[in-house]
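Chemist: The sequence isn't on hand, but the structure is:
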């Protein structure tokens, strides 16, 4: 069986990321699922991976350029996947260990220095531990983590092995 071209693989990776973002915004605006701060950072990770896939598809680089894109896709997926893993961890904490709810993301960036705001975001808050959406028994951050692993792996392997 012949694998699809690297250019097509990169474009499909971009389309999957666009679909993930589209569903996230659909859930927010049509299903009224408000994203917590960690959800917002996961979206940023998906956007980064999408941009790297799209650039790789448009550019269709040679061997060295493809390896650069492979690393960028993997790093974007690793960053977003780390946030998703932290989110999944918070969702599985016992109720007495869940951090208290904190201020909104925009408020934190308005009031606190960026380093302190980011530290508070990644510490998590009570709203990040809520599970308000399930599909096949997994929460949205769990699915996002699975997608980051899959997209990062495919992007790395297909672009590296050009």
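Modeler: Great, that's in hand. These figures come from a predicted structure and were not determined experimentally.
Chemist: Could I get the contacting residues of residue 48?
Modeler: Shown in contact with residue 48 (C-beta atoms under 8 Å, 6 or more residues apart in numbering): 76, 79-80. C-beta coordinates here come from the backbone N, C-alpha and C atoms, glycine included.
Chemist: and the longest helix along the chain, what other elements does it pack with?
Modeler: If you go by DSSP state H, the chain has its longest helix at helix 63-91. In terms of contacts (3 or more C-beta pairs under 8 Å, 6 or more residues apart in numbering; DSSP states H and E), helix 63-91 is packed against helix 6-29, helix 37-59, helix 126-129, helix 140-160.
Chemist: so can I have a markdown table of those showing mean pLDDT and distance to residue 93?
Modeler: Supplementary listing: the helices and strands packed on helix 63-91 in a markdown table, determined by pLDDT from 0 to 100; distance: least, C-beta to C-beta, whole Å:
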| stretch | mean pLDDT | distance to residue 93 |
| --- | --- | --- |
| helix 6-29 | 93 | 23 |
| helix 37-59 | 92 | 13 |
| helix 126-129 | 60 | 6 |
| helix 140-160 | 93 | 13 |
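Chemist: nearest to residue 67, of the ones you listed?
Modeler: In terms of C-beta to C-beta, the element of the helices and strands packed on helix 63-91 nearest to residue 67 is helix 140-160, at 5.6 Å.
Chemist: Show me what the closest one is in contact with.
Modeler: By C-beta under 8 Å, 6+ apart, helix 140-160 touches 3, 6, 9-10, 13, 16-17, 20, 27, 33, 38-39, 42, 45-46, 49, 52-53, 56, 66-67, 69-71, 73-74, 76-78, 80-81, 84-85, 87-88, 91, 133, 135, 138.
Chemist: before we move on, back to that, closest to residue 113 out of the helices and strands packed on helix 63-91?
Modeler: Of all the helices and strands packed on helix 63-91, helix 37-59 comes closest under C-beta to C-beta, at 16.0 Å.
Chemist: Give the buried residues for the closest one.
Modeler: Using 16 or more other C-beta atoms under 10 Å as the test for burial, helix 37-59 gives 37-39, 41-43, 45-50, 52-57.
Chemist: if we can go back for a sec, and the longest helix of the chain, average pLDDT?
Modeler: Taken as a whole, helix 63-91 has an average pLDDT of 91.
Chemist: List the buried residues in it.
Modeler: Buried, per 16+ other C-beta under 10 Å, within helix 63-91: 66-70, 72-74, 76-77, 79-88, 90-91.
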